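Colleague: have a look; sequence and predicted model below, questions after that.
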Amino acid sequence: MPVLNRIADYSDEMKGWRRHLHAHPELKFDCHETAAFITARLTEIGVDEIHQGIATTGIVAIINGQGQGPTIGLRADMDALPIAEATGAEYASTVPGKMHACGHDGHVTMLLGAAKYLAETRNFAGRVALIFQPAEEDGGGGLVMVQEGIMDRFGIAQVYGIHNAPNISFGHFHTTPGPLMASVDTAFVTITGKGGHGATPHDCVDPVVAVVGMVGAVQTIIPRNVYALDEAVISVTQIHTGSASNIIPEEAMFCATIRSFKPDVRDLLKRRFNEIVEGHAMAYGVTARIDYDWGYPPTVNHPDETDFAADVAREIAGEAAVNARSTREMGSEDFSYMLEARPGAYLFLGTGPGAGLHHPAFDFNDDASPVGASFFARLVERAQPLT
């Protein structure tokens, strides 16, 4: 695999960066120590500009190439997850209940590695904008950075990102033009009836019966309202009610994650979910409050930029290791907001066998960092070549 020789030379340094980040995870927008570490490395690397405090702890760093040209954006997310780590690694999380269970420590390392190479060689025209983003897992930091004007402020013309993919062959790239990842919406339903003794249900209005009916009914939406070739998912993930074996409770609640790719399907899912819950509430004589959280939109790759990125990936990984027409994923990503603002593409980079994303035993494969860094570096050199 042709990792760039210069990047291979400092792969051990990259491993040290990644393991430091892994040991010091931070959540959401509260990535102050992470941002300080990144800023220190960028200063050592010798980038031309460092802009801090975007979306609270986000960073945009600029590397100038040789001569005039556009600005290309490269993004890495940097937040962790509220999960207790179970890797047993010597560099495991030092923060109880928090860990890098999605590999964002590796994403930051890839981008820092590319930054070091690009700042040394500057074998490109125009500029590179290195985007270090907080709150991908929860909070929509990508949207906040876009709303705070990074695309216009730094003149970013196109933007690219990578996500590690455990259990895809090491060094293999997967992507596709058009929708790559789904939108994600979350519905919270609170059902209120009339509690009482379990021996006298006729004196009660039972929310347990209502919640069971609602959960079963919302599962009919996709097979009976969505066209069979339009992928969508509704998963009820929580049901909470009751306090004792002989008490009919006053309240019950459930929540669901709702995912799709097309705007019209997304609208349909929301409408039918509300109609079914409200109809069942009336039928069971309860009240239902629906809090429907309209979340991240689908991650939609731009066709020309996706084909270009896949061609660069072939240079790094070889023809057989790049699937440029991969299947879509029902997971979601707030890089979607950046792709709504500018053309670009998002790719998955296989890291080989291991625990899956968001698992307590997950650990990023350090051998993948030079591969991702090489991809980012060649992407810049080929997108903005010196004439």
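Modeller: Thanks, I have the structure now. Numbering: from 1, shown residues only.

Colleague: ranges for the helices of the stretch 51-200 of the chain?
Modeller: Residue ranges of the helices in the stretch 51-200 of the chain, as given by DSSP state H, counting those that start in this stretch, are 104-121, 141-147, 150-153.

Colleague: and those helices: which comes nearest Leu349?
Modeller: Minimum separation from Leu349 across the helices of the stretch 51-200 of the chain (Cβ to Cβ) falls at helix 104-121, 8.3 Å. Glycine gets a C-beta too; all of them are placed from N, C-alpha and C.

Colleague: what's that closest one packed up against?
Modeller: Counting contacts by 3 or more Cβ pairs under 8 Å, 6 or more residues apart in numbering; DSSP states H and E, helix 104-121 packs against helix 5-9, helix 11-23, helix 32-45, strand 58-64, strand 71-77, strand 127-133, strand 156-165, helix 369-383.

Colleague: these: which one's closest to Val95?
Modeller: Here helix 11-23 is closest among those (Cβ to Cβ), at 8.4 Å.

Colleague: give me the mean pLDDT for the closest one.
Modeller: The average of the pLDDT scores along helix 11-23 is 98.

Colleague: so where's the stretch 101-250 of the chain uncertain?
Modeller: Residue ranges of the stretch 101-250 of the chain with pLDDT under 70: none are present.

Colleague: pick the most deeply packed of the helices and strands packed on helix 104-121.
Modeller: Of all these, strand 127-133 has the most neighbours on average by mean count of other Cβ atoms under 10 Å, namely a mean of 27.

Colleague: still on that earlier bit, would you turn the helices and strands packed on helix 104-121 into a markdown table with distance to Gly141?
Modeller: Below are the helices and strands packed on helix 104-121 laid out as a markdown table (distance: least, Cβ to Cβ, whole Å):
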| stretch | distance to Gly141 |
| --- | --- |
| helix 5-9 | 27 |
| helix 11-23 | 16 |
| helix 32-45 | 12 |
| strand 58-64 | 6 |
| strand 71-77 | 7 |
| strand 127-133 | 5 |
| strand 156-165 | 13 |
| helix 369-383 | 20 |
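
Colleague: closest one to Ala345 among the ones you listed?
Modeller: Nearest to Ala345, of all the helices and strands packed on helix 104-121, is strand 156-165, at 5.7 Å by Cβ to Cβ.

Colleague: circling back to that earlier point, so which of the helices and strands packed on helix 104-121 is nearest Asp304?
Modeller: strand 156-165 (9.6 Å).

Colleague: ok now the closest one, how far from the chain's centre?
Modeller: When C-alpha coordinates are averaged (Cα atoms, centre = their mean, to the nearest Å), strand 156-165 and its chain have centres 11 Å apart.

Colleague: give me the angle between that strand and helix 369-383.
Modeller: When axes from the mean of the first three to the mean of the last three Cα atoms, to 10 degrees is applied, the directions of strand 156-165 and helix 369-383 differ by 160 degrees.

Colleague: strand 156-165 to helix 104-121, inter-axis angle?
Modeller: 130 degrees.

Colleague: ok, residues contacting stretch 291-299?
Modeller: 140, 179-190, 260-262, 270, 273-274, 332-337, 339-340, 346 (Cβ atoms under 8 Å, 6 or more residues apart in numbering).

Colleague: please save the CA atoms from it in PDB.
Modeller: C-alpha atoms of stretch 291-299 as PDB (Å, rounded to 0.1, in the frame of the first residue of the first chain):
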ATOM      1  CA  ASP A 291     -41.600  15.500  21.100                       C
ATOM      2  CA  TYR A 292     -40.200  14.900  17.600                       C
ATOM      3  CA  ASP A 293     -36.600  15.900  17.300                       C
ATOM      4  CA  TRP A 294     -35.700  16.700  13.600                       C
ATOM      5  CA  GLY A 295     -32.100  15.500  13.600                       C
ATOM      6  CA  TYR A 296     -29.200  15.300  11.100                       C
ATOM      7  CA  PRO A 297     -30.200  15.200   7.400                       C
ATOM      8  CA  PRO A 298     -28.900  12.500   5.100                       C
ATOM      9  CA  THR A 299     -25.200  12.600   4.200                       C
END
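
Colleague: was I right about Val312 contacting Phe375?
Modeller: Yes - with contact defined as Cβ atoms under 8 Å, Val312 reaches Phe375; the gap is 6.3 Å.

Colleague: longest helix in the chain, by residue count?
Modeller: As assigned by DSSP state H, the longest helix anywhere in the chain is helix 263-284.

Colleague: tell me which residues are up against that helix.
Modeller: 183, 185, 187, 189, 191, 193, 205-206, 209-210, 213-214, 217-218, 220-222, 225-227, 230, 232, 234, 256, 258, 260, 287-288, 290, 292, 294.

Colleague: what about it, average pLDDT?
Modeller: Across helix 263-284, the average pLDDT comes to 98.

Colleague: give me the angle between whichever helix or strand comes after that helix and helix 263-284.
Modeller: Once the chain leaves helix 263-284, the next helix or strand it forms, by DSSP states H and E, is strand 287-293. Compare the direction of strand 287-293 with that of helix 263-284 by the same axes, to 10 degrees and you get 160 degrees.
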